[in-house]
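K.L.:
I'll drop the sequence and a predicted model, then ask my questions.
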Amino acid sequence: MGAPLIVIGAGGTAGHVVPALAVADALRDEGARVVFVGGERAERDLVPAAGYELRTMRVQPLARRDPVAAARLGAARSAIIAIAEASKLPVENLLSPDVLRRLSWDPPEPSDPMTVRAALASYGARAWQVELTAGPVAEAFNAGKSKPPDPGDTEHGDAG
């Protein structure tokens, strides 16, 4: 039997990558084959320089790091739920959660029905899904753009 393959996911800053490299060194010393999975930040240079293979993937910030994208996702999710209920379809059949997340974190500009339609198609949504959802998702994305900031919002503003 060959050496075990260990996959380590680490990235972002050297504070995350350097300790992972130390673990990888110990595993390699014990005979394991180690491969890293990460994005395009500190790991892009540090991992190959330490002699490890890096397989890159698209990395997106967590909702707490991008409140605007999280708000877009929430608004779009509400629109999708309303369409699913009206159509008597399971929400996940109407549009996969992954497609909606990806679209919310990286929306087309401008986010109008045509550009949202094209983005949904590029993410693999079927024609009937695109037809039902593109307009309402574009509307949900744009609904928050015209609202002035809430002066009582201490979480995202300068108040407090």
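P.N.:
Ah, there it is.
K.L.:
what helix or strand is Arg102 located in?
P.N.:
Using DSSP states H and E, Arg102 sits in helix 97-105.
K.L.:
could you pull out the buried residues of that helix?
P.N.:
By 16 or more other CB atoms under 10 Å, the buried positions in helix 97-105 come out as Val99, Leu100, Arg101, Arg102, Leu103, Ser104, Trp105. Every C-beta, even on glycine, is put in place using the N, C-alpha and C of the backbone.
K.L.:
ok, the closest residue to the second one other than its chain neighbours - contacts?
P.N.:
Taking CB to CB, 6 or more residues apart in numbering, and ignoring the residues beside it in sequence, Leu100 has Ala76 as its nearest neighbour in space, at 5.8 Å. For Ala76, the contacting residues are Leu100, Leu103, Ser104, Val137, Ala140, Phe141, taking CB atoms under 8 Å, 6 or more residues apart in numbering as the criterion.
K.L.:
separation between the residue lying closest to the third one once chain neighbours are set aside and Ala79?
P.N.:
The reference is to Ser104. Computed as CB to CB, 6+ apart, the closest residue to Ser104 that is not its neighbour in sequence is Leu73, at 3.8 Å. Distance of Leu73 to Ala79, computed by CB to CB, to the nearest Å: 11 Å.
K.L.:
helix, strand or coil for Leu54?
P.N.:
Here Leu54 is recorded as strand under DSSP: H, G, I helix; E, B strand; the rest coil.
K.L.:
I figured it hits Ala42, correct?
P.N.:
No - using CB atoms under 8 Å, Leu54 is not in contact with Ala42, being 11.0 Å away.
K.L.:
quick one, the helix or strand hosting Ala138 and helix 97-105 angle?
P.N.:
Per DSSP H and E: Ala138 is located in helix 127-143. Between helix 127-143 and helix 97-105, the angle comes out at 40 degrees (axes from the mean of the first three to the mean of the last three CA atoms, to 10 degrees).
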